[in-house]
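1. The following comprises the amino acid sequence and a computationally predicted model.
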Amino acid sequence: MFRGRYEHTIDSKGRLSVPSKFREALLGKEDDRVIITNFSFAAMRCLEVYPMDEWLRLEAEMRTKPRFDPDMVAFQNYYIGSASECVVDKQGRILIPPALRQYANLKRDAVFVGALEKFRVWDRETWEKSSTHAEDKFAQEEFLRRLGF
């Protein structure tokens, strides 16, 4: 599982060092590949990063869905169509493709945020806005009830 928040810097080639706690979780899966794709929350863009086994589980679930449903096609075009396989190198870095860096507006300072079986990569400025938005929602009394807590 991926949990916690970590800040790192993107180098001039678009490489980003994966936090050591996240690398440990990835190494436990004995596969150095990850899938990176688009993600949006409250109109703020970031990237989602899946270990390969979790991505394959998502693809298997997708195959059980109605293929010609317009919403499913939109999801596939946005989420699956933007996915890129990347390798965690020997230094523990991932090379984020330019199109995905541009999509998430990743400049220099990035924030890794754990999300259970996957993690997200945010531009730091966007993360701060997203975090404030989430905190505002969390403060609403009905928010936790709606989630079943």
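-> Here it is on my side, so go on.

2. from here on, contacts and neighbour counts on C-alpha atoms
-> Will do.

3. Quick check: the residue nearest to Ser82 when sequence neighbours are not counted vs Ala60, distance?
-> Of all residues not flanking Ser82 in the chain, Thr37 sits nearest, at 5.5 Å (CA to CA, 6 or more residues apart in numbering). Look at Thr37 and Ala60: by CA to CA, to the nearest Å, they are 17 Å apart.

4. Between the two, which has more neighbouring residues?
-> Applying other CA atoms under 10 Å to Thr37 and Ala60 shows that Thr37 carries more neighbours, namely 23 against 11.

5. Now do the SS call for that one.
-> strand (DSSP: H, G, I helix; E, B strand; the rest coil).

6. thinking it is in contact with Gln76, fair?
-> No: counting by CA atoms under 8 Å, Thr37 sits too far from Gln76 to count as a contact (11.2 Å).

7. can you give me the helices for the chain?
-> Using DSSP state H, the helices of the chain run over 20-27, 52-62, 70-75, 98-103, 124-138, 141-146.

8. Mind putting those helices into CSV with mean pLDDT and distance to Lys13?
-> Below are these laid out as CSV (pLDDT from 0 to 100; distance: least, CA to CA, whole Å):
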stretch, mean pLDDT, distance to Lys13
helix 20-27, 91, 20
helix 52-62, 96, 23
helix 70-75, 94, 30
helix 98-103, 97, 9
helix 124-138, 93, 18
helix 141-146, 84, 41
